[in-house]
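Enquirer: Using only what follows, build the 3D model:
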Amino acid sequence: MSLSPMEQSARRAAIERMDARQRLGYVLDYYKLPIALALIALVILGSTVHRRLTKKNAVLYAAFVNVSVGETLEQTLTDGFLDWCGADPRKNEVCVYRDLYLSDDASFVNHEYAYASRLKLLGAINAGRLDLVLMNREAYDLLSRSGYLLDLFALALSGTAAACLVENEVVLEDNAIEYNLNEADVYREITERVVNALDVSALPRLRGAGFSGAVYLGVVANTARGEDAVRYLSYLSE
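Expert: Presented below is the predicted three-dimensional model:
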């Protein structure tokens, strides 16, 4: 409600008689909402500006599946690559999905965790936010059979990288849906062997990491950063 000129004059006179503490209390009492809204707006604006100024460019997206990677090795696999290819770590990064687990073992205790990991992986692949997968043999078999890994034979790798190439089975066609719905008595599939990963267990950058078995690196078939993925393979193979 607007005040009359006389009331406005009386309010100004009353304010002028107040000391600093009283004036501050008056402002807080009568302007709480505008002040609160202004502070919220400033926080949102500051947060937005900070995110834009500190946001890094994702050079590559990698996932660690069924393998435990320590801090030192992760540093080698991420910032080490950026240093090697001359990308400023302050402005660029290798984004990592850690501690993922894949298994087809129905008796696996943490099957819900395995299911959640599968969903996370599929979501990242479908969103174009996954390029490389570091994995053990079980995860390699599962991802290969599902056709998620790129055929590396066409990349014409040479030297150490070529010597590390391995092949695995890829399912081209099957009757899994009919079989699971009891519409078929026998499961049938058509497969082929494809060179779709590197056995990186013995490479210098991973040697001595303490893995319990062979470790493989694959490139996701729908990667949007193929050139950088190939450079990464060269980095590990040096």
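Enquirer: Beta-bridge partners for residue 132, please?
Expert: Following DSSP bridges, residue 132 is listed with bridge partners residue 62, residue 219.
Enquirer: Tell me the confidence at it?
Expert: pLDDT recorded at residue 132 is 97.
Enquirer: From residue 189, how far out is it?
Expert: From residue 132 across to residue 189, the span is 27 Å (Cβ to Cβ, to the nearest Å). (Each C-beta comes from the backbone N, C-alpha and C, glycine too.)
Enquirer: who's more crowded, the two?
Expert: Shown here are residue 132 and residue 189; by other Cβ atoms under 10 Å, residue 132 has more neighbours (24 against 13).
Enquirer: ok, the more buried one - contacts?
Expert: 60, 61, 62, 63, 217, 218, 219, 220, 229, 232 (Cβ atoms under 8 Å, 6 or more residues apart in numbering).
Enquirer: residues contacting the fourth one?
Expert: Residues touching residue 63, when contacts are defined by Cβ under 8 Å, 6+ apart, comprise 96, 97, 100, 121, 124, 130, 132, 133, 134, 135.
Enquirer: What about the residues you listed, which one has the most neighbours?
Expert: residue 133 (28 neighbours).
Enquirer: Sketch out the helices for the protein, chain order is fine.
Expert: Counting by DSSP state H, the chain has helices at residues 5-16, 20-30, 32-54, 71-77, 79-84, 111-126, 137-145, 159-163, 176-180, 226-237.
Enquirer: Test for you: state the pLDDT assigned to residue 37.
Expert: Residue 37 is assigned 63 on the pLDDT scale.
Enquirer: any idea how far residue 81 is from residue 118?
Expert: 26 Å.
Enquirer: neighbour count winner among those two?
Expert: residue 81 (22 against 17).
Enquirer: Excluding covalently adjacent residues, which one is nearest to that one?
Expert: residue 235 (5.1 Å; Cβ to Cβ, 6 or more residues apart in numbering).
Enquirer: and that neighbour, how many neighbours?
Expert: When neighbours are defined as other Cβ under 10 Å, residue 235 has 19 of them.
Enquirer: surely it meets residue 86?
Expert: No. Counting by Cβ atoms under 8 Å, residue 235 stays clear of residue 86, with 11.6 Å between them.
Enquirer: if we can go back for a sec, per-residue pLDDT, the residue nearest to residue 81?
Expert: 92.
Enquirer: cool, and residue 65?
Expert: pLDDT, residue 65: 96.
Enquirer: Distance of it relative to residue 77?
Expert: Applying Cβ to Cβ, the value for residue 65 to residue 77 is 14 Å.
Enquirer: Quickly list what's touching both of these two.
Expert: residue 134.
Enquirer: coming back round to it: as JSON lines, the contacts of residue 132 with distance to residue 179 would be great.
Expert: JSON lines is the format used below for the contacts of residue 132 (distance: Cβ to Cβ, whole Å):
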{"residue": "60", "distance to residue 179": "37"}
{"residue": "61", "distance to residue 179": "34"}
{"residue": "62", "distance to residue 179": "34"}
{"residue": "63", "distance to residue 179": "29"}
{"residue": "217", "distance to residue 179": "32"}
{"residue": "218", "distance to residue 179": "27"}
{"residue": "219", "distance to residue 179": "30"}
{"residue": "220", "distance to residue 179": "27"}
{"residue": "229", "distance to residue 179": "35"}
{"residue": "232", "distance to residue 179": "38"}
